[in-house]
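Peer 1: sequence and predicted structure, then a few things I'm wondering about:
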Amino acid sequence: MKKEIRDMKVNRLVELCVMATLVAVMLTVCPVKGYGQEPSIPSSATDPANQLVNYYDAAKGYKIRGTAVLTENRDSQGHGILALGFGALIKNAKTGFNNTALGNLALANNTMGVANTASGAEALYSNTAAGSFNTASGFQALYANTTGKSNTASGVSALLNNSTGINNTASGNGALVNNNTGNNNAAFGYLACNNVATGSNVTCIGAASGPSGDVTGPATYIANVYGAATTGSGNPLVCVDSTGLLGTVNCATSDAQEVIQRLQKQNEEFQQRLSRLEALIANERR
């Protein structure tokens, strides 16, 4: 019994020695930091495998191969910028505040434009000093924008060639892709309004909807409407009032609507008779 107790004490002592050794190793490799204490970041370091030089700079943030990849800056009023990606907001000055760039070369040429948001590689790439209040989401969205303001682009190459146009909205890959100086245009759908370049006040709804060439509105284009038949008879007429409101009430006088509905019904009866006649002629020929 005494031997068993002695063996247990020896084993316990060995375990404590092993644990003490492990703790000492851990403290050497990972020193304990006080609560809330930030770990020190070296001003420069070199990775032989990837040649990552000066990956942290106190003034510019994190860098890889000398290029800032993550930066955050503020002026005396608390206005700030946030950039994540190679060359994102790389030319931005402190007067270009409240900008956010996520993606390689996003807002790369912005200097003093304010309140821009670019999400996607090369989004708002060409934006300069006067381009402000723009939102671009997608690869090369609003790529060529220089001084255009208050534009919103969502989708690959949406508003790609816009340079000075203002108040445009494009949602969909290639929507308003060729718009350059046009203002107040709205496009929703793949390649919607893709032929509009300098025209303004044009609205396109649906994939590939829009004019066959550059036009100036007011003009609205909706895909899958022209030539699309409706089912049944007596469907109400659709009209647009002077404010642009679309509806079916008061689109025509009751007499006119009754005439149209009667003609529709007569046309249906005529089509039925014509079908029966064609069937009779086919039987006679047999």
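Peer 2: Right, received. Where do you want to start? Keep in mind that what you see is a predicted model, and the values were worked out from it rather than measured.

Peer 1: mind jotting down where the helices sit in the protein?
Peer 2: Taking DSSP state H as the test, the helices found in the chain are 2-29, 254-285.

Peer 1: looking at those, which has the lowest confidence?
Peer 2: Comparing mean pLDDT across those, the lowest value falls on helix 2-29: a mean of 55.

Peer 1: low-confidence stretches in the protein?
Peer 2: 1-80, 234, 252-258, 261 (pLDDT under 70).

Peer 1: what about the strands in it?
Peer 2: All strands of the chain, identified by DSSP state E, fall at 56-57, 61-64, 67-74, 80-84, 99-102, 117-119, 135-137, 152-154, 169-171, 186-188, 202-205, 219-222, 239-240, 246-247.

Peer 1: phi, psi for the closest residue to residue 202 other than its chain neighbours please.
Peer 2: Closest residue to residue 202 apart from its sequence neighbours, by Cβ to Cβ, 6 or more residues apart in numbering: residue 217 at 4.5 Å. Glycine gets a C-beta too; all of them are placed from N, C-alpha and C. The phi/psi pair for residue 217 (degrees, to the nearest 10) reads phi -80, psi -160.

Peer 1: residue 217: what's it in contact with?
Peer 2: By Cβ atoms under 8 Å, 6 or more residues apart in numbering, the contact set of residue 217 is 199-203.

Peer 1: who wins for neighbours among those residues?
Peer 2: When these are compared by neighbour count (other Cβ atoms under 10 Å), residue 202 ends up highest, at 28 neighbours.

Peer 1: for that one, list each beta-bridge partner.
Peer 2: Under the criterion DSSP bridges, residue 202 forms beta bridges with residue 219.

Peer 1: now for it: which residues touch it?
Peer 2: 182, 185-186, 193, 196, 210-211, 215-221.

Peer 1: most neighbours among those, please name it.
Peer 2: That'd be residue 193 among the contacts of residue 202, by other Cβ under 10 Å, with 34 neighbours.

Peer 1: so it sits against residue 187, correct?
Peer 2: Yes: using Cβ atoms under 8 Å, residue 193 is in contact with residue 187, at 3.8 Å.

Peer 1: identify the contacts common to those two.
Peer 2: With Cβ under 8 Å, 6+ apart as the test, residue 193 and residue 187 both reach 170, 175-176, 203-204, 209-210.

Peer 1: so how do I select the buried members of those residues in ChimeraX?
Peer 2: Here is the ChimeraX command that selects the buried residues among the shared contacts of residue 193 and residue 187 (16 or more other Cβ atoms under 10 Å):
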select :170,175,176,203,204,209,210
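
Peer 1: wait, which of the shared contacts of residue 193 and residue 187 is closest to residue 285?
Peer 2: Closest approach to residue 285 among the shared contacts of residue 193 and residue 187 (Cβ to Cβ): residue 209, at 45.8 Å.

Peer 1: skipping its backbone neighbours, what lies nearest that closest one in space?
Peer 2: Per Cβ to Cβ, 6+ apart, closest to residue 209 is residue 223, 3.9 Å.

Peer 1: just give the number of residues close to that neighbour.
Peer 2: Residue 223, neighbours per other Cβ under 10 Å, totals 16.

Peer 1: and for residue 87?
Peer 2: Residue 87 has 21 nearby residues by other Cβ under 10 Å.

Peer 1: picking up where we left off before, distance to residue 262 added to the strands of the chain, as JSON lines?
Peer 2: Listed next are the strands of the chain as JSON lines, based on distance: least, Cβ to Cβ, whole Å:
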{"stretch": "strand 56-57", "distance to residue 262": "81"}
{"stretch": "strand 61-64", "distance to residue 262": "75"}
{"stretch": "strand 67-74", "distance to residue 262": "71"}
{"stretch": "strand 80-84", "distance to residue 262": "66"}
{"stretch": "strand 99-102", "distance to residue 262": "61"}
{"stretch": "strand 117-119", "distance to residue 262": "57"}
{"stretch": "strand 135-137", "distance to residue 262": "52"}
{"stretch": "strand 152-154", "distance to residue 262": "47"}
{"stretch": "strand 169-171", "distance to residue 262": "43"}
{"stretch": "strand 186-188", "distance to residue 262": "38"}
{"stretch": "strand 202-205", "distance to residue 262": "33"}
{"stretch": "strand 219-222", "distance to residue 262": "29"}
{"stretch": "strand 239-240", "distance to residue 262": "20"}
{"stretch": "strand 246-247", "distance to residue 262": "23"}
